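**Q** 3D, please:
(2 chains)
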Number of protein chains: 2
Amino acid sequence: MTVIAVAQLAPVIGDPEQNRRAAAGAVGEAVSAGAELVVLPELCDSGYVFDSEQEARRLATPADDSPTLRQWQDLAAAGRTVIIGGFCELGGDGRLYNSAALVGASGTLALYRKAHLWDREGLVFTPGGAAPPVVSLPFGRVAVVICYDLEFPEWARLPALDGADLIAAPVNWPAAPCPPGERPAEVVKAQADASVNGVFVAVADRCGTERGVDWIGGSVIIGPDGYPLAGPVLADRPAVLLADCDLARARDKRLNDHNDLLADRRPELYSPVTSGG
Amino acid sequence: MTVIAVAQLAPVIGDPEQNRRAAAGAVGEAVSAGAELVVLPELCDSGYVFDSEQEARRLATPADDSPTLRQWQDLAAAGRTVIIGGFCELGGDGRLYNSAALVGASGTLALYRKAHLWDREGLVFTPGGAAPPVVSLPFGRVAVVICYDLEFPEWARLPALDGADLIAAPVNWPAAPCPPGERPAEVVKAQADASVNGVFVAVADRCGTERGVDWIGGSVIIGPDGYPLAGPVLADRPAVLLADCDLARARDKRLNDHNDLLADRRPELYSPVTSGG
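**A** This is a model prediction of the structure:
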């Protein structure tokens, strides 16, 4: 069994030092509970609601020279854990990316650039052009996607087909109308991503009103049957969620003597899904 | 606005006449409430838990000479409605199919054969080899899938890309363990199908223990934002659900000034989804 943690944080726009302190506190709490993987929110060093591309650019750092990623490496080394979090990346090409890194004691093991940009992000960021990375860690195979990516079932399918046991998703889910008694559709879609692929999904959302934007605060750890193991929080407060996960469950896609989640697919019939829409 | 109905029924295995009478009663109730489309469960003429291929074969009828489809045509003509339901089909090739038909006053407008077979169905039925049909009706474009099909996001994506406003799904959802307070994952996945595609989803489930098998009884009508408009019933009783649906909502995939559910897809990056698994 592996303890997985997700940290719901309230980043402050334009104050990366404060944001890194908050992340360190949450990682410390997760590590104390034995977490071997800690997921932090999207853009958790910079904040999200940029006034301008220029503001985001001032807060962006290169993946190979980022105080945020150095901090995660230090925290990973000290806590014998792995950290996945979102940060504001200045690419080597001079462009800005809404990125996430998977960082261990030895450094950055994977970098991912969000492929499906939400709302005004497209005015600031360049979309990524590569599929979610899947990294083999001692306790299992872990993939990384970011926020709106989760709402494209093709994007969760890719790492599942690539053998991922767990999909980690740093998110910033803006609050949206939700009927009384209903779980927000963002959480429902993350549950479906888990269930249709038989993988764990670990979502770290943010909280804390930022420039008038509220958030779902929907951090959640979901099992491969689609049901939450911890969360969703659904409250505007920082939180560290923990779940003891048997990641090997994601390796067995059998549903009964006759069905297998992935082998039952009919890819030969799916071609319009990839034919340019 | 269009009134959509789904009927949760308790078919009796091996008694198609009784099952057709029950369907007629439910269609009558839906039509009285103004339903322009009525969805019936999977295999609603034959029952589901066959003892053998031979038993299913005795209950199967050809699509072009089926008392069930003739009845639906009569009901459609009398009620000025359209009926979608599941029936046990004897193919022209002598094989059995777990099929659904979309039937109007003029006859059968579409025939669909379930492409993803569940559990022991593969011992009885041949899987279909064609994508879900999408039929243009006066009130909107309607697609048909069956039960386990809904758990393959590719299979809901296909009709959405083909312009479907509503996906109708005759199902027989066997009961499975579900944590207290959770909505069954089958319903969650249907909600996600609706939300990620911006389409209505109308699910007609069955009830009534059959040869020891219980059912979710999860009939539900879901809006294009993923939230239920009626149901889920989640009880072992017949029911007719109605929802007044503005199907035109499914034509507008815009989420904000910058996002469009289908245009935001990155099909050029999805190719492993159709490359044979």
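**Q** all contacts plus neighbour counts: C-alpha atoms, from now on.
**A** Noted.
**Q** For the stretch 1-150 of chain A, give the residue positioned nearest to chain B.
**A** Residue of the stretch 1-150 of chain A nearest chain B, by Cα to the nearest Cα: A:Asp119 (5.0 Å).
**Q** Now do the strands in the stretch 1-150 of chain A.
**A** Using DSSP state E, counting those that start in this stretch, the strands assigned to the stretch 1-150 of chain A run over residues A:2-8, A:37-39, A:82-90, A:96-104, A:107-113, A:134-137, A:140-144.
**Q** Just the mean pLDDT for the shortest one, thanks.
**A** Throughout strand A:37-39, pLDDT has a mean value of 99.
**Q** what's the answer for the last one, then?
**A** For strand A:140-144, the mean per-residue pLDDT is 98.
**Q** how big is the angle separating the next helix or strand after it from strand A:140-144?
**A** Heading C-terminal from strand A:140-144, the first helix or strand you meet, by DSSP states H and E, is helix A:153-161. In terms of direction (axes from the mean of the first three to the mean of the last three Cα atoms, to 10 degrees), helix A:153-161 departs from strand A:140-144 by 160 degrees.
**Q** Check what contacts stretch A:228-243 and list those residues.
**A** Identification of contacts with stretch A:228-243 by Cα atoms under 8 Å, 6 or more residues apart in numbering or on different chains yields A:3-10, A:26, A:29-30, A:33, A:35, A:187, A:191, A:206-208, A:215-223.
**Q** Narrow those to just the buried residues.
**A** Buried residues within the contacts of stretch A:228-243, counting neighbours by 16 or more other Cα atoms under 10 Å in any protein chain shown: A:3-10, A:26, A:29-30, A:35, A:187, A:191, A:206-208, A:215-223.
**Q** Restrict those to those that also contact chain B, please.
**A** With Cα under 8 Å from any Cα of the partner chain as the criterion, the buried ones among the contacts of stretch A:228-243 include A:Gln191 near chain B.
**Q** Inside helices: which ones of the buried ones among the contacts of stretch A:228-243?
**A** Residues of the buried ones among the contacts of stretch A:228-243 located in helices (DSSP state H): A:26, A:29-30, A:187, A:191.
**Q** which of those residues sit farthest apart?
**A** Spatially, the most separated pair among these is A:Glu29 and A:Gln191, at 25.7 Å (Cα to Cα).
**Q** how close does A:Gly28 get to A:Gly104?
**A** Distance of A:Gly28 to A:Gly104, computed by Cα to Cα, to the nearest Å: 15 Å.
**Q** scratch that, A:Leu96 is what I was asking about
**A** Using Cα to Cα, A:Leu96 is found at 24 Å from A:Gly104.
**Q** How about the contacts made by A:Val273?
**A** Taking Cα under 8 Å, 6+ apart as the criterion, A:Val273 is in contact with B:154, B:157-158, B:161, B:267, B:270, B:273-274.
**Q** Go ahead and build a ChimeraX selection from the buried members of the residues you listed.
**A** Remark: buried members of those, expressed as a ChimeraX selection using 16+ other Cα under 10 Å:
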select /B:154,157,158,267,270,273,274
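**Q** Quick check: bridge partners of A:Ser99?
**A** Beta-bridge partners recorded for A:Ser99 (DSSP bridges): A:Phe87, A:Arg113.
**Q** That one: neighbouring residues, count only.
**A** Residues contacting A:Ser99 under the criterion other Cα atoms under 10 Å in any protein chain shown number 27.
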